[in-house]
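K.L.:
Output the structure for:
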Amino acid sequence: ILNGSKASEILTTKVNAGPVFNYEELLRTGLEPGLCPSNTYFYDKPANFIEQYKYILGAVLLCIVFGIILLLVRIHFLSNIRRIQAKQIYLMSNYNDLFNDMPLVYLRCRLIRGEDDKVNDYLIIDVNPSFEKHFGKKEEALGKRGSVLNSSEVFACLKKYMDVAGRERKTVSFPMHARNGHDYDVLVMNSDTPEVINVFCVDTTELIHTRQSLRTINHKLSMALGIANITPWRWNLVENCIWFDGNRELRSGATSEMKEDSFAMPVSEIVKGIHKDDLKRVKEAFRDLRDGKKQKVNEKLRALTVPYTDYDWLEVWAAVDETDDAGKPLTLIGSALIITDRKKMEEELEELKTVRRKEVAEKIKEARGQGDLSENAEYDAAKEEQGEIESRIVVLEKMLRNAEVIDDDNVSGDIITVGSKVRIWDTDLEEEVDYAIVGSAEADPMNTENAKISNESPVGRGLLGHKVGDTVEIETPGGIVELKVLAISR
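P.N.:
This is a model prediction of the structure:
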């Protein structure tokens with residue numbers, strides 16, 4: 001308009017208009033701004049507190065929010081730390097309970113060194129509950145020297161190995177027999193604290209007693225097998241070889257492997273040594289055992305044994321030991337007993353009963369047919385032969401029933417021979433044992449009251465020819481045994 005334009009020519013925009021006042025002029029005229037309409041616009045109106053300090057207030061608010069966030073984060077982390085600590089405390093408590101409940105004796109000792117820097121003594125500074133069960137009250141042990149609490153032997157051992165562990169910075173273990181009669185395996189090891197040693201003791205008393213019992217049982221079994229001349233064996237069907245326990249009479253040059261007192265032989269080599277008349281029968285028996293047609297095998301056969309000059313009779317037992325998931329045998333176990341002498345007596349007895357008796361009966365019948373018997377030399381000879389045959393039959397039957405037929409008058413009392421009764425000292429078992437040395441057919445090694453061992457068994461053969469005071473080392477299927485001759489009688 002000031003520039004000369006007409007009002008009608010000026011473009012206008014429709015807006016929601018409201019009253020406009022000068023705020024300060026309104027106050028000077030005595031009018032209350034609050035009476036104005038709500039859409040009133042005041043200019044020159046002074047800014048309020050929020051508008052005046054809005055940036056400062058915004059910054060303060062941001063700081064407060066940031067502080068709250070940091071506080072929440074800290075609370076979260078502290079809660080996690082508290083949970084972890086509680087878990088660690090729980091685990092440590094469990095570990096402590098577990099350690100205290102273990103059958104493990106624990107001592108924590110401080111070393112006391114002398115002027116030469118060697119350990120002269122040690123001071124007990126901590127023990128666990130197991131210590132109290134084995135050695136005494138905790139209060140009586142803490143702060144005491146080892147030289148006061150322990151025996152001289154135990155103190156010397158502990159002092160020695162503590163010195164080694166401390167100087168060489170390594171763990172040392174050793175066995176120990178304590179005053180309470182128990183045996184322990186002791187472990188001496190360094191701790192993180194200088195000049196402080198941890199000692200752990202495991203009670204091995206029952207273990208040692210069990211080992212001794214097993215050793216005694218194994219030794220007695222070995223002696224029994226050696227006395228009876230029985231050779232245990234194990235047939236590995238997968239490898240097709242048989243393991244024998246120590247009997248050298250069954251060993252051949254084809255031995256494929258040896259382990260301690262055992263040796264293995266290929267089945268093919270063993271088969272070569274079996275007498276041809278027995279081979280088919282033995283093969284069928286073992287085939288039936290492998291096929292499940294038999295539960296066990298007991299066969300008598302002839303086989304070559306050392307020194308391979310002639311066949312020996314063996315009595316063989318066998319049974320299935322291990323099978324696979326399908327029930328097919330993997331291993332067989334059994335034993336072999338040399339029965340040559342017994343078999344010879346059985347064959348002789350059979351011949352006397354079935355052949356010689358008939359022959360002499362025919363001779364007597366023919367002699368009677370000649371008439372007068374008073375001066376009939378053939379009849380007398382036949383009767384005498386008949387008497388010898390019957391006497392021999394009686395003797396053989398008694399021998400086969402383990403009756404003793406040794407003539408005591410021919411038995412020496414100074415040197416062990418067949419027929420001798422001997423008392424020996426078994427150094428492994430530390431006990432006296434009485435045996436009678438007899439022929440193989442009379443042997444009865446399992447008789448605890450009157451044990452008779454064969455002169456062909458390892459023990460019997462090893463004792464022959466020795467006298468009182470001799471110490472003899474004898475190789476048995478279970479290993480070498482040492483026997484001392486204490487007495488010989490007839």
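K.L.:
In the stretch 1-150 of the chain, what residue spans correspond to strands?
P.N.:
Residue ranges of the strands in the stretch 1-150 of the chain, as given by DSSP state E, counting those that start in this stretch, are 20-22, 41-43, 104-113, 119-127.
K.L.:
And these: which comes nearest I217?
P.N.:
Closest approach to I217 among those is made by strand 104-113 (29.6 Å; CB to CB). (Glycine included, C-beta is placed from N, CA and C.)
K.L.:
Run me through the strand neighbours of the closest one, direction for each.
P.N.:
strand 119-127 (antiparallel), strand 196-203 (antiparallel) (DSSP bridges).
K.L.:
among the strands of the stretch 1-150 of the chain, which is nearest L349?
P.N.:
In terms of CB to CB, the element of the strands of the stretch 1-150 of the chain nearest to L349 is strand 104-113, at 67.5 Å.
K.L.:
Figure out how far the closest one is from the centre of its chain.
P.N.:
31 Å (CA atoms, centre = their mean, to the nearest Å).
K.L.:
residue boundaries of the helices in the chain?
P.N.:
23-28, 49-52, 54-101, 129-134, 138-141, 146-149, 152-168, 205-228, 267-273, 276-290, 340-351, 357-368, 377-400, 458-463 (DSSP state H).
K.L.:
how about the CA coordinates for the fourth one, as PDB?
P.N.:
Coordinates of the C-alpha atoms in helix 129-134 are reproduced here as PDB (Å, rounded to 0.1, in the frame of the first residue of the first chain):
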ATOM      1  CA  PRO A 129      39.400 -84.200  60.100                       C
ATOM      2  CA  SER A 130      40.900 -87.400  58.600                       C
ATOM      3  CA  PHE A 131      44.100 -86.700  60.500                       C
ATOM      4  CA  GLU A 132      42.100 -86.800  63.800                       C
ATOM      5  CA  LYS A 133      40.600 -90.200  62.800                       C
ATOM      6  CA  HIS A 134      44.000 -91.700  62.200                       C
END
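K.L.:
So what touches it?
P.N.:
Identification of contacts with helix 129-134 by CB atoms under 8 Å, 6 or more residues apart in numbering yields 100-107, 138, 141, 178, 180, 182, 201, 203.
K.L.:
about what we covered before: okay, the helices of the chain, which one's buried deepest?
P.N.:
Comparing these by mean neighbour count (mean count of other CB atoms under 10 Å), helix 458-463 ranks first with a mean of 24.
K.L.:
Enumerate every residue touching the residue lying closest to E366 once chain neighbours are set aside.
P.N.:
Nearest residue to E366, sequence neighbours excluded (CB to CB, 6 or more residues apart in numbering): E378, at 7.5 Å. Shown in contact with E378 (CB under 8 Å, 6+ apart): 363, 366-367, 370.
K.L.:
Could you dump these into a markdown table and include distance to V422 and pLDDT?
P.N.:
A markdown table is the format used below for these (distance: CB to CB, whole Å; pLDDT from 0 to 100):
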| residue | distance to V422 | pLDDT |
| --- | --- | --- |
| K363 | 46 | 86 |
| E366 | 52 | 84 |
| A367 | 50 | 81 |
| Q370 | 56 | 75 |
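K.L.:
Export the residues you listed to CSV and append columns for distance to K344.
P.N.:
Converted to CSV, the contacts of E378 look like this (distance: CB to CB, whole Å):
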residue, distance to K344
K363, 25
E366, 31
A367, 31
Q370, 36
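K.L.:
With that, I have no additional questions.
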